[in-house]
Structures are given as C-alpha cells and as structure tokens.
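Colleague: what follows is a predicted structure for the sequence shown.
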There are 2 protein chains.
Amino acid sequence: MARDAGPAAPARPLRRDAELNRRRILASAREVFGQRGLEATLDDIAHHAGLGVGTVYRRFPSKEHLVEAMFAERMEEVGDLAVEALKADDAWQAFVDFTWQAAELHSTDRGLREIMLSNKFGHDHVAEKKARMVPLITQLIERAQAAGGLRPDFAPSDMALLHMMVGSVVEFTCAVDPDLWRRSLAMLLDGLRAEPGKPSELPHPPLDEDEIEEAMSCWRP
Amino acid sequence: MARDAGPAAPARPLRRDAELNRRRILASAREVFGQRGLEATLDDIAHHAGLGVGTVYRRFPSKEHLVEAMFAERMEEVGDLAVEALKADDAWQAFVDFTWQAAELHSTDRGLREIMLSNKFGHDHVAEKKARMVPLITQLIERAQAAGGLRPDFAPSDMALLHMMVGSVVEFTCAVDPDLWRRSLAMLLDGLRAEPGKPSELPHPPLDEDEIEEAMSCWRP
DNA sequence: GCTATGTGGAGTAGGTACCTCCCCTTACTC
DNA sequence: GAGTAAGGGGAGGTACCTACTCCACATAGC
C-alpha cells in the first residue's frame, strides 16, 4: 500500500514528468499484460513504455502492486456488465448478452482472463471485485432458468468453466484467427438452452487445415 | 535414431539390469508426463523411477527422443478408436462415443493432451500418427452429419477446439474433481446436435462454491 | 543556478532446465 | 572367480530466465 491509496492521493504530488511516466507505465502494462498475460516481466513493460526498469520499480514496489492497481478497475467493468444485464426484461437474452460481453472482454485481455480464473495473482482488492460478482451471476442464471431459457442443471460454477473453455480457444487460436472463439461460444450456448430449437447460425467460419496446423505450431501448453 | 529402431533391435542386446531400467524409465515417464505434462524434466522422471539422471540420458539421448518413443504408441490408440467408431451403424452415436473415448484418454494423460494439440513436441513419428487421424475424424464427422445427427456446420478443425476446451477443464479442475470434464463435455455435445431434443442428463454434479475456489487457487495459467 | 526528485540500465541474487563427466558398481565371459 | 566391458549415480557445468537494486547522471521547479 505504498501508493494508489484510493482517491485523493496524499502527500506531495508527483513531479510532472513522473506523473506522465506513471501513466505511460499503466498504459504499457495494460497492453503487455493483455497480450502476453501476467507472466510478462516488468522489464518488458518498462521497455514497451520506452522507460527503464528502475522507473517502474520506483513507482510500483512490486509486480503484485502493479497488477492489483491495474485489474481492480477492469474487473469492475465485468461486474457492471452483470448489473446492467439484470435490468433487462428477457432473462435468457440477458444471460446470453452478458456471457458474450464478458467473453469479449476476456478475449482481448489475457491478463484479465488469468486474474479472473486464478487466485495466484491479486489480493484484497481483486478478491473483493470477484466476490461482488458471484451473487450477480447467480441471479442472472436463476432468472434465465426461471424464464425457461437456460437449462435448469446449469450451475453458477459452470460459468467459470465456460469462460475457461472460451479462454482456451482464444489462447489456442489468437495468433491465427483472434475471433474464432465466437464460433465455439455459439456452439456452447446452443448446448445451454432448456428448449433448444435448430442450432443457431455460427458467427464465424471454421479454421481450414493450414490454419489449424499453424495454431498447433504457435500454441505452447 | 540411436535405439528403438523398430522391431528386432539390432546389435548386442542390453544387459539384463539395463533392460530392466529402460522399462522402469518408460513406465516412470508415462506416469510423470501424464500427471505433470511434457514440462516435466528428465530429472523428475529419473528420480520417480528411482534412478539417476545419467542413466536416463544414457538410454535416451534427449527428452525429445523419450517423448517420441512414448507417445507414438499412445496416439496409435486414439487412431484405433476412430477406426473402430467408423464401423458402427449409428453414425451420430459413433461420433459421440469416439469423442467420449478420446476425451477419456486425454483426461488421464496430460502429456497426451499436449502432444496432440501442439506441434512443439514430437517429430516424424508423432506427426505421422496425427496425419493418420485427420481423414478418419473427417469421415466420422461427415457420416454423422449425413445421418442428420451432427449439426452440418461442424468442421473437422472444431474437433481440435472441442478437445482443447475439455482439456482446459481437466487442467483447471483435476485437483478438485478429476471427472468434472464429463459435465462440460455433455453440455458441449448437446450444442452439436442437428435436431436437439431436451438437454441430456448431465453425468456429473457441478462444483460448489468452495470447490471452485479451490480450483482457482490450484490452477496456474 | 540549485536541489530535491526522477531516470536508466548494468548488475546482483536466486532460480530452473538440460545435459556431461567420471568414479564406482555390476553383469556377463572364459 | 577374475577380468572387463557395460551400466549407474548424481554433483556440477552451462545457459538461460526473472525479480529486483543501486547509483551516476538528468531534469523540473523554485
């Protein structure tokens, strides 16, 4: 809790150049963590920001602090999506919309994916945001089930698995076709209907043989 | 190609103790790669076999060689499943059965999962086994579609994604509930039907709140 | 112009992985 | 049962990576 102690940071403000660099670091972290995940090093982030490592460590005592500072905000966004969805009339559509929107966020931010599904990173602040989401998602699910749209045996914990699955497709194919996850999610959602009709139209074409080969060559477990 | 040059290994046979240890190494590798994936070190495998590292390196010039020797055989098994499935009458059921059986193999062998979905490990031998499977799976899919069981927009490359997804669930939850993937696969398959009826009965209960918490604590991206 | 504040990046410490080397042990041969 | 070629063990070499520190030098702001 060295810095970032909530609103109205106390003591003397940063020098102008320092404040600018602080923002550069956060922007760089957002990009780099988003692309390479939380395994990215602070060295990477510093260089990507055009700064030295020392500068980053002066501002954020450790990687943990930077992660905590960055992702609390992003996770808030996901929570807000759920709140918004709960206001909609059509409970099934609300569930579907929320799931697509959350997946959309995950698909463009590997760090967000990792921090949402693992407890290995992020502490108090992040955990609090996560805790907030559980009842929201549970409610979203129960409403969709009560309305007869969502299969009744779908449990809140299945939501984590769903995002895990979509995330794995993103990771597997992002170098070849970064939107392919849409295809998989559409199929998954077809399997979640309580009263399924015809399969939905898939929003994205499949990979061809060369592309799948390339995905297998890029991907590392 | 130092050893393992197909049937009837030439030159002088190994000394009795050496042959015994060679088998110990392979058995150990199967267990360790299965549990910890291909990132396991030859040191791990040696110790798990109760041997020194030197012994392993004497027998297998590199990790690559060991992997190649081990997994060619296991991949053959998956191919055989497909051949068997193509003989069944009910094309949709054959597709479903094959998918379950393949997932079953994947679920108990992390190394197999990794080698099937990544080209980073294994060369000639392994690649050959993979190539064999493509037409088999394609045929399995086309038959199931022609019979009106499988949705017509399902592509062969989607099979890799399906196993990717199931594998991610295995990895995420194996420490907490190693059979949970069955639940996810059942939902996935419900989404693949051309003429879906009611959702199928799920073969496994969901995780409760504590279990999902624990999964998130164990799992590392 | 002076000084507190900020910067850069080489360097440290500590870890991990693959693989080699060489002394000692053991199986097989005569 | 002695001699010898083959095998076994595991410390340690090499190479690499990551988190983090330190301090000579630069700059903002008064």
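Modeller: Here it is on my side, so go on. Residues are numbered from 1 along each chain as shown, chains lettered A, B, ... in the order given.
Colleague: near DNA strand C, which residues of chain A show up?
Modeller: A:12, A:14-15, A:17-18, A:21, A:50-55, A:57-59 (Cβ under 7 Å from any atom of the strand). Where C-beta positions appear, they are placed from N, C-alpha and C, glycine not excepted.
Colleague: only whichever of those are buried, select them in ChimeraX.
Modeller: Only the buried members of the residues of chain A next to DNA strand C end up in this ChimeraX selection, burial being decided by 16 or more other Cβ atoms under 10 Å in any protein chain shown:
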select /A:21,51,55,59
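Colleague: now, the residues of chain A next to DNA strand C that are in strands?
Modeller: By the criterion of DSSP state E, membership of those in strands covers no residue at all.
Colleague: which of the residues of chain A next to DNA strand C has the weakest pLDDT?
Modeller: For the residues of chain A next to DNA strand C, the weakest pLDDT value sits at A:Arg12, with 75.
Colleague: quick one: the lowest-mean-pLDDT helix or strand in chain A near DNA strand D?
Modeller: Counting by mean pLDDT, DSSP states H and E, the weakest-scoring helix or strand in chain A turns out to be helix A:63-86, with a mean of 90. Yes - figure legend: helix A:63-86 in contact with DNA strand D (Cβ under 7 Å from any atom of the strand); contacting residues A:Lys63.
Colleague: next secondary structure after that helix?
Modeller: Along the chain past helix A:63-86, the next helix or strand (assigned with DSSP states H and E) turns out to be helix A:91-107.
Colleague: which residues sit against that next one?
Modeller: By Cβ atoms under 8 Å, 6 or more residues apart in numbering or on different chains, the list of residues contacting helix A:91-107 from outside reads A:74, A:77-78, A:81-82, A:85-86, A:88, A:112-113, A:116, A:140-141, A:143-144, A:146-150, A:159, A:162-163, A:166-167, A:170, A:174, A:178-179, A:181, A:185, A:189, A:193.
Colleague: rewinding a little: near DNA strand D, from the residues of chain A next to DNA strand C?
Modeller: Residues of the residues of chain A next to DNA strand C in contact with DNA strand D (Cβ under 7 Å from any atom of the strand): A:15, A:17, A:53-54, A:57.
Colleague: okay, helices next: where are they in chain A?
Modeller: Taking DSSP state H as the criterion, chain A contains helices spanning A:16-36, A:42-48, A:53-59, A:63-86, A:91-107, A:110-117, A:124-146, A:156-173, A:181-190, A:209-218.
Colleague: turn those helices into JSON lines, columns for distance to B:Gly37.
Modeller: As requested, the helices of chain A are arranged in JSON lines below (distance: least, Cβ to Cβ, whole Å):
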{"stretch": "helix A:16-36", "distance to B:Gly37": "20"}
{"stretch": "helix A:42-48", "distance to B:Gly37": "25"}
{"stretch": "helix A:53-59", "distance to B:Gly37": "32"}
{"stretch": "helix A:63-86", "distance to B:Gly37": "25"}
{"stretch": "helix A:91-107", "distance to B:Gly37": "23"}
{"stretch": "helix A:110-117", "distance to B:Gly37": "18"}
{"stretch": "helix A:124-146", "distance to B:Gly37": "27"}
{"stretch": "helix A:156-173", "distance to B:Gly37": "15"}
{"stretch": "helix A:181-190", "distance to B:Gly37": "23"}
{"stretch": "helix A:209-218", "distance to B:Gly37": "16"}
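Colleague: quick one: buried residues of the least confident helix or strand of chain A?
Modeller: For helix A:63-86, the neighbour count (16+ other Cβ under 10 Å) marks A:63, A:65-72, A:74-75, A:78, A:81-82, A:85 as buried.
Colleague: quick check: the farthest pair among those residues?
Modeller: Between any two of these, the greatest separation by Cβ to Cβ is 33.0 Å, found for A:Lys63 and A:Ala85.
Colleague: chain neighbours aside, what residue packs nearest to the residue of chain A found nearest chain B?
Modeller: Scanning chain A for proximity to chain B using Cβ to the nearest Cβ identifies A:Gly191 as nearest, at 2.9 Å. Nearest in space to A:Gly191, with sequence neighbours left out and distances taken as Cβ to Cβ, 6 or more residues apart in numbering or on different chains, is B:Gly191 at 2.9 Å.
Colleague: how much space separates A:Glu213 from B:Ala72?
Modeller: For A:Glu213, the distance to B:Ala72 (Cβ to Cβ, to the nearest Å) stands at 19 Å.
Colleague: could you do A:Leu192 as well?
Modeller: Counting by Cβ to Cβ, the gap from A:Leu192 to B:Ala72 is 38 Å.
Colleague: neighbours of A:Ile25, just the number please.
Modeller: In terms of burial, A:Ile25 registers 24 neighbours under the definition other Cβ atoms under 10 Å in any protein chain shown.
Colleague: residues in contact with it?
Modeller: For A:Ile25, the contact set (Cβ under 8 Å, 6+ apart) comprises A:45-46, A:49, A:51, A:55-56, A:59-60, A:66.
Colleague: can you add distance to chain B and give those residues back as JSON lines?
Modeller: Written out in JSON lines, the entries for those read as follows (distance: Cβ to the nearest Cβ, whole Å):
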{"residue": "A:Ile45", "distance to chain B": "17"}
{"residue": "A:Ala46", "distance to chain B": "22"}
{"residue": "A:Ala49", "distance to chain B": "23"}
{"residue": "A:Leu51", "distance to chain B": "26"}
{"residue": "A:Thr55", "distance to chain B": "27"}
{"residue": "A:Val56", "distance to chain B": "22"}
{"residue": "A:Arg59", "distance to chain B": "25"}
{"residue": "A:Phe60", "distance to chain B": "21"}
{"residue": "A:Leu66", "distance to chain B": "17"}
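Colleague: surely the residue of chain A closest to chain B touches B:Ser184?
Modeller: No - A:Gly191 sits out of contact with B:Ser184 when judged by Cβ atoms under 8 Å, with a separation of 9.5 Å.
Colleague: still on that earlier bit, which two from the residues of chain A next to DNA strand C end up farthest apart in space?
Modeller: By the measure Cβ to Cβ, the residues of chain A next to DNA strand C have their two most distant members at A:Arg12 and A:Gly50, which lie 25.6 Å apart.
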